[in-house]
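Visitor: attaching a predicted model along with its sequence, questions to come.
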Amino acid sequence: MKDSLKEGAKQLLIELINTPSFSGEEDLTASLIGEFLAYHQIPFKRDHHNIWALNEHFDPAKPSILLNSHHDTVKPNKGYTKDPHKAEVVDGKIYGLGSNDAGGCLVSLIAAFIYFYKQKDLKYNLVLLASAEEESSGDNGIRLMIPKLPDIDFAIIGEPTLMHLAVAEKGLLVLDCYAHGIAGHAAHVRGDNSIYKAMEAIKWFETFTFPKVSETLNDTKMTVTQVEAGSQHNVVPSTCHFVVDIRVNDLYTNLEVLDIVKEHVGVEVRERSLNLNSSSIPLDHDIVRAGQALGREIYGSPTLSDQSNLSCPSLKLGPGDSLRSHTADEFIYEKEIFEGIDLYIAILKHVIIT
């Protein structure tokens, strides 16, 4: 059975690569995933461009595991030398946009779900979700689906981790900061220059250290990434706008970090969103122990995924390498997909087989 699942997963990935699915435009890939499940005689539901299904013997009295990955992609990197929407298999590599992030993970999770679909007496239900709009953190992706799914005890999020266990993931808080002064002619001496006020605040962002340091995610990191002010050389601007990218460890919520920032800086601070919080799973959780028993390493991930939208414990795990994501001529090895399917099944067996 595994061999046919592996070959089917590979072919599904090729079809997904050949079908453009930019974030928010995943209609056709959603249909492909639905057709694949229907071929395996698995009933599914579709909401916008999200496809989800339950194992055949779903029991509302049992806890549930969410198996989730996404089928949308970013726009192709300008450095592509290959057609990003034409899958090529060369020397064991499957090239194409979304192959590594996160098509390989998605098809491997789907294969693992199919493997367990008909099995009776599982300790957990399985909930499969192929979600949309992950790359854009859109409103019609996993955030739309969470209230519509059964209650989830914990989640496996399919992202490229070389099948190691990302037991924690940093959250993201983006701030638009505005230093306000008084506009005037540069030739006159004035003490209310918005740029100077911004510089004081930027210095604080550069030097402040959050006291709580995470075992898996280290410190909370703040980086000023954009600065905008002024229209010409001889006019003091009334406003200086700058943007701060904050990667939040699992010992803080985004709201806690925002409150600390507002206490310390003398500029206007506007948060773009508080939704993308850090996430983690206890190191003694059964799914973590199962992965470690199979020789997988644990680590904390600095990159963001749909984990940030979940309130339950979650583990990021999948075939492929995060360093290949969003690169030109993106690829995943065939053997990574096949090994991913084997490992997903083996890890889940440790947890759900009575």
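Guide: Right, received. Where do you want to start? In this text the structure is predicted, and so the values were computed from the model without any measurement.
Visitor: what about stretch 102-110, average pLDDT?
Guide: Mean per-residue pLDDT for stretch 102-110: 98.
Visitor: just stretch 5-22 next, same as before
Guide: 97.
Visitor: now do the buried residues in it.
Guide: 5-6, 8-10, 12-21 (16 or more other C-beta atoms under 10 Å). (Glycine included, C-beta is placed from N, CA and C.)
Visitor: so where's this protein shaky on pLDDT?
Guide: Filtered on pLDDT under 70, the chain yields the residue ranges 189-191, 354.
Visitor: please enumerate the strands of the stretch 251-354 of the chain.
Guide: 268-271, 279-280, 298-301, 314-316, 331-333 (DSSP state E, counting those that start in this stretch).
Visitor: quick one: which of those strands is nearest residue 221?
Guide: strand 298-301 (12.3 Å; C-beta to C-beta).
Visitor: pairing partners for the closest one, with directions?
Guide: Counting by DSSP bridges, the strands paired with strand 298-301 are strand 165-169 (parallel).
Visitor: now stretch 285-299 - C-alpha only, PDB.
Guide: Extracted in PDB, the C-alpha atoms of stretch 285-299 (Å, rounded to 0.1, in the frame of the first residue of the first chain):
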ATOM      1  CA  HIS A 285       4.300  15.300  24.400                       C
ATOM      2  CA  ASP A 286       3.700  11.900  23.000                       C
ATOM      3  CA  ILE A 287       4.200  13.100  19.400                       C
ATOM      4  CA  VAL A 288       7.600  14.700  20.300                       C
ATOM      5  CA  ARG A 289       8.700  11.500  22.100                       C
ATOM      6  CA  ALA A 290       7.600   9.400  19.100                       C
ATOM      7  CA  GLY A 291       9.700  11.500  16.700                       C
ATOM      8  CA  GLN A 292      12.800  11.400  19.000                       C
ATOM      9  CA  ALA A 293      12.400   7.600  19.300                       C
ATOM     10  CA  LEU A 294      12.800   7.500  15.500                       C
ATOM     11  CA  GLY A 295      16.000   9.600  15.600                       C
ATOM     12  CA  ARG A 296      14.500  13.000  14.800                       C
ATOM     13  CA  GLU A 297      16.100  16.100  16.300                       C
ATOM     14  CA  ILE A 298      14.100  18.900  18.100                       C
ATOM     15  CA  TYR A 299      14.700  22.600  17.400                       C
END
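Visitor: got a list of contacts for that stretch?
Guide: The contact list for stretch 285-299 (C-beta atoms under 8 Å, 6 or more residues apart in numbering) reads 154, 156, 163-167, 216, 281-283, 313, 315, 317, 343, 346-348, 350-351.
Visitor: out of the residues you listed, which end up buried?
Guide: Buried, going by 16+ other C-beta under 10 Å: 154, 156, 163-167, 216, 281, 313, 315, 317, 343, 347-348, 351, out of these.
Visitor: relative to residue 77, which of the strands of the stretch 251-354 of the chain is closest?
Guide: strand 331-333 (12.5 Å).
Visitor: buried stuff in stretch 318-335?
Guide: Those would be 318-322, 325-326, 329-334, for stretch 318-335 by 16+ other C-beta under 10 Å.
Visitor: can I get those in CSV with distance to residue 73?
Guide: Putting those into CSV (distance: C-beta to C-beta, whole Å) gives the following:
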residue, distance to residue 73
318, 15
319, 17
320, 13
321, 17
322, 15
325, 10
326, 9
329, 14
330, 9
331, 14
332, 13
333, 19
334, 20
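Visitor: of those, just say which sits nearest to residue 254.
Guide: For those, the nearest to residue 254 is residue 322 (22.3 Å; C-beta to C-beta).
Visitor: need the helices for the stretch 1-150 of the chain, in chain order.
Guide: Shown for the stretch 1-150 of the chain, the helices assigned by DSSP state H, counting those that start in this stretch span residues 2-17, 27-39, 104-117, 142-145.
Visitor: so which of the ones you listed gets nearest residue 246?
Guide: Closest among the helices of the stretch 1-150 of the chain, using C-beta to C-beta: helix 142-145, at 20.4 Å.
Visitor: centroid residue for the protein?
Guide: residue 305 (1.1 Å; C-alpha atoms, centre = their mean).
Visitor: would you mind measuring from that residue to residue 149?
Guide: Distance of residue 305 to residue 149, given as C-beta to C-beta, to the nearest Å: 17 Å.
Visitor: parallel or antiparallel, which strands does the helix or strand where residue 241 lies pair with?
Guide: Here residue 241, judged by DSSP states H and E, is contained in strand 239-248. Sheet pairing here is set by DSSP bridges, and for strand 239-248 it gives strand 171-180 (antiparallel), strand 221-229 (antiparallel).
Visitor: possible to save those as a markdown table with mean neighbour count and distance to residue 238?
Guide: Below are the strands paired with strand 239-248 laid out as a markdown table (neighbours: other C-beta atoms under 10 Å; distance: least, C-beta to C-beta, whole Å):
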| stretch | mean neighbour count | distance to residue 238 |
| --- | --- | --- |
| strand 171-180 | 20 | 7 |
| strand 221-229 | 14 | 9 |
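Visitor: circling back to that earlier point, buried sites along the strand holding residue 241?
Guide: 239-242, 244, 246-248.
Visitor: which one among the residues you listed gets closest to residue 102?
Guide: residue 247 (20.2 Å).
Visitor: residue 301 is in contact with that closest one, correct?
Guide: No. Residue 247 is beyond contact range of residue 301, at 10.5 Å (criterion: C-beta atoms under 8 Å).
Visitor: and for those two, which residues touch both?
Guide: In contact with both residue 247 and residue 301: residue 170, using C-beta under 8 Å, 6+ apart.
Visitor: residues in contact with residue 271?
Guide: 173-176, 254, 258.
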